[in-house]
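> what follows is a predicted protein model with its sequence.
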Amino acid sequence: MLCSGEALQPWVAEKFHATFSIPLDNLHGPTETTTCTFWRCPPGAATVPIGVALGALEVYVLNEAFRLPPDGVPGEIYVSGPGLARGYLGAAVRTAERFVACPFRPGRMYRTGDLARRDPDGNLEFLGRADDQVEIRGFQVEPAEVESRYADHPDVARVAVVARSGGARGQELVAYVVPVDGARWDAAALCDFGAQALPDYMVPAAVVRMESLPVNAHGKLDRQALPAPPAPAGRPDRRSRDDREAALCAAFAEVLDVDGIGVEDDFFDLGGHSLLVGPDPQSLLDGRMRI
């Protein structure tokens, strides 16, 4: 069975091997090469790489300086060698943008726009599209990299991570998770699982349970149909004891755009971050100060 056109999820591979007794091959490649990498998926695989280059093709993972990053560091996939198209008919500008000089062999290589990283065995792990990058607190983030972390959790069957507006908090990541049948749902534990391996700006601000992920007419994930997460809410369990605590609670509520801030609430647990803790430029002009 040849699988291509959409990322092969481990749970799909597991179902396949439970149903059939034939090999399952994961293929990857843009139209400009048809297929450029291959990996045979064994039963019980925890992850499903896109594998290694096919035939005489050369597949590189390069950074913005066209250099090879260390294993495990994300980069963009470039393809060179026989089987690569020469360009786009009647579109010289577009051809020049995507088919660039290859620094490793004579000829040109194709800039796929796909992101990947190479594991110690030399296999490529697909990380999504470069144009899917989002900016979170000034950092460029690949949602697929966050998805790959949560997909490693034994209670997660499927996961999608998207960036949504958090109002005054700016762009935030939201993880939509379909749990494994019978798994105990614990959103806080899933957040902790992500925080163990991801920098804080890549940890989703919310984890939303889903019965299934919405798909479009082509069977691919419909990100526009994912519901908005519930707004963060404070826990005003203990009332302010004095004017100072009341002022701090009011300031937190204003900056975070959250109602009902309590003395025991944590600024960062409610979506706060360092970019919200500086003076607001307009308040300085107005002669007011805001945390």
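Structure's in. What do you need? Numbering: from 1, shown residues only.
> and Asn63, its phi and psi?
When read as degrees, to the nearest 10, the backbone of Asn63 gives phi -90, psi -170.
> which ones are touching it?
Asn63 is in contact with 69, 73, 75-76, counting by CB atoms under 8 Å, 6 or more residues apart in numbering. Bear in mind the C-beta positions are built from the backbone N, C-alpha and C, glycine included.
> looking at the residues you listed, which is nearest Arg209?
Distance to Arg209 across the contacts of Asn63 (CB to CB) is lowest for Val73, with 32.4 Å.
> ok so Met109 is a helix residue?
No: counting by DSSP: H, G, I helix; E, B strand; the rest coil, Met109 falls outside a helix, being strand.
> give me the number of residues near the closest residue in space to Gly219 that isn't next to it in sequence?
Leaving out its chain neighbours, the residue that sits closest to Gly219 by CB to CB, 6 or more residues apart in numbering is Glu6, at 7.6 Å. If you count neighbours by other CB atoms under 10 Å, Glu6 ends up with 11.
> wait, doesn't Glu6 sit right on Val215?
No: the pair Glu6 and Val215 does not pass the contact test of CB atoms under 8 Å, sitting 10.1 Å apart.
> still on that earlier bit, could the contacts of Asn63 be laid out in TSV, adding neighbour count and distance to Gly182?
Output for the contacts of Asn63, formatted as TSV (neighbours: other CB atoms under 10 Å; distance: CB to CB, whole Å):
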residue	neighbour count	distance to Gly182
Pro69	15	40
Val73	11	37
Gly75	22	39
Glu76	19	39
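> save these as CSV, and put in distance to Ala53 and secondary structure too.
Supplementary listing: the contacts of Asn63 in CSV, determined by distance: CB to CB, whole Å; DSSP: H, G, I helix; E, B strand; the rest coil:
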residue, distance to Ala53, secondary structure
Pro69, 17, coil
Val73, 19, coil
Gly75, 15, strand
Glu76, 15, strand
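> tell me the one of these nearest Ala251?
Looking across these and measuring by CB to CB, the closest to Ala251 is Val73, at 39.9 Å.
> need phi/psi at that closest one.
phi -100, psi 130.
> same deal with Pro229?
Dihedral pair for Pro229: phi -70, psi 160, per degrees, to the nearest 10.
> ok, for it, nearest residue in space, not its chain neighbours?
In space, Pro229 is closest to Ala206, 3.9 Å off (CB to CB, 6+ apart).
> if I look at the one you found, how far off is Ala188?
11 Å (CB to CB, to the nearest Å).
> of those two, which one has the most company?
Per other CB under 10 Å, whichever of Ala206 and Ala188 has more neighbours is Ala206, with 19 against 9.
> so how far is Ser212 from the more buried one?
Using CB to CB, Ala206 is found at 18 Å from Ser212.
> and what of Val178?
6 Å.
> then Asp71?
Asp71 is 35 Å from Ser212, where distance means CB to CB.
> have a look at those two and say which one is more surrounded.
Taking other CB under 10 Å, Asp71 and Ser212 do not tie; Asp71 has more neighbours (12 against 8).
> and the closest residue to that one other than its chain neighbours, what does it touch?
Counting by CB to CB, 6+ apart, the nearest residue to Asp71 once its immediate chain neighbours are dropped is Arg118, at 5.1 Å. Counting by CB under 8 Å, 6+ apart, Arg118 makes contact with 61, 71-72, 124-125.
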